[in-house]
Structure formats: structure tokens, C-alpha cells
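Enquirer: A structural model of the following input is requested.
(one chain, ligands or ions: 1)
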Amino acid sequence: MSEVLKPTEVELCEADALVERGPAVPFDIVLWSQGARAFALRFDGRPVAYVNRCAHVPVEMDWQPNQFLDDSGDWIICSIHGALYDPRDGHCVGGPCRGEGLIRVEVDERDGKVYWYPSGDIQPAFTD
Ligand code: FES
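Expert: Residues are numbered from 1 along each chain as shown. Predicted coordinates for the structure are as follows:
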């Protein structure tokens with residue numbers, strides 16, 4: 001019987017694909033056994049990533065493809081009802097997300113590449 005090996009890290013993109021407070025890099029995941037989307041941003045020099053799912057209503061949030069930050073560039077904004085999230089940790093800071101937060105995806109940057117790390121809840125979506 002063969003054992004299915006789960007990856008401990010997944011290459012996401014080149015580091016320079018994430019521009020400070022610029023467009024996000026999207027990626028497909030499996031969240032709680034269902035297909036979903038996630039996105040990575042660079043904020044305050046660090047890559048951060050979250051499931052693309054508002055804490056108010058579980059819908060995708062980008063107001064334009066891969067655009068998640070508001071006009072100030074300081075907050076992730078949901079395009080549906082305007083919930084605001086802190087890009088540093090995904091916590092709700094205003095609007096109808098009621099003190100909840102985004103689901104974080106662990107990411108790291110090394111040797112010019114960004115990697116993300118699957119968890120018990122979040123697994124890669126392989127298309128092969
Ligand atoms: S669905 Fe995001 S604020 Fe309502």
C-alpha cells in the first residue's frame with residue numbers, strides 16, 4: 001500500500017512578484033475539504049497570506065482581480081460590505097466582520113522565493 005505524502009511547503013511565487021502594498025498573488029487551496037482561493041500580499045516588507053473569504057459572509061473579497069487593499073493602502077477591504085482587516089494579522093478592524101478575522105495562511109520568503117505552508121485545515125489544490 002502506498003502512502004500519500006503531503007507537502008510541508010508549497011512554492012508560491014518569486015519574491016519580487018509581491019510588490020509592497022501591490023496586487024496580490026492568488027492561489028488555489030483546499031479548505032476543510034472544499035476548493036477555495038487564497039491570496040498573498042507584501043505588507044510592511046513581509047509576505048502575508050489569507051484565505052479569500054470574508055468573515056462576514058463567506059465570499060471572495062477582491063474588488064478588482066487581485067486587488068484587496070483600500071485606497072489608503074493600509075487595510076484589506078471586502079468589496080461586498082466594506083469590512084476592513086489589518087493586513088498584518090487579518091483581524092477585523094471595522095465594518096460588519098464583528099471582531100473576527102481572516103483565515104491566515106502561513107508564508108515565508110527565502111532565497112528569492114515565497115512559500116506557503118499547508119495545515120490541518122488548508123491543503124494544496126493540485127490540478128495534475
Ligand atoms: S461579505 Fe464582506 S463585508 Fe459583508
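Enquirer: which residues touch the residue nearest the centre of the chain?
Expert: Nearest to the mean C-alpha position of the chain, by Cα atoms, centre = their mean, lies Tyr50 at 2.4 Å. Contacts for Tyr50 (Cβ atoms under 8 Å, 6 or more residues apart in numbering) come out as Ala38, Phe39, Ile76, Tyr85, Gly90, Leu102, Ile103, Arg104, Val105. C-betas here are computed from N, CA, C, even on glycine.
Enquirer: For this structure, which strand extends over the most residues?
Expert: For the chain, the strand reaching the highest residue count under DSSP state E is reported as strand 34-43.
Enquirer: Can you spell out which helices and strands pack onto that strand?
Expert: Secondary-structure packing of strand 34-43 (3 or more Cβ pairs under 8 Å, 6 or more residues apart in numbering; DSSP states H and E): strand 25-31, strand 46-51, strand 104-110, strand 113-117.
Enquirer: hey, which of the ones you listed is tucked in deepest?
Expert: strand 46-51 (a mean of 21; mean count of other Cβ atoms under 10 Å).
Enquirer: Describe which strands it pairs with in its sheet and in which direction.
Expert: The strands beside strand 46-51 in its sheet (DSSP bridges) come out as strand 34-43 (antiparallel), strand 104-110 (antiparallel).
Enquirer: which one of the contacts of Tyr50 is nearest the ligand?
Expert: Tyr85 (9.6 Å; Cβ to the nearest ligand atom).
Enquirer: so which of the strands paired with strand 46-51 comes closest to Ala17?
Expert: Ranking those by proximity to Ala17 (Cβ to Cβ) places strand 34-43 first, at 8.8 Å.
Enquirer: Please export the C-alpha coordinates of the closest one as CSV.
Expert: Extracted C-alpha coordinates of strand 34-43, given in CSV (Å, rounded to 0.1, in the frame of the first residue of the first chain):
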residue,chain,number,x,y,z
GLN,A,34,-13.5,22.1,-0.3
GLY,A,35,-11.9,24.1,-3.0
ALA,A,36,-11.2,27.8,-2.2
ARG,A,37,-8.9,30.6,-3.1
ALA,A,38,-6.2,32.3,-1.1
PHE,A,39,-4.0,35.4,-1.8
ALA,A,40,-0.6,36.7,-0.8
LEU,A,41,0.4,40.3,-0.4
ARG,A,42,3.5,42.1,0.6
PHE,A,43,2.9,44.5,3.5
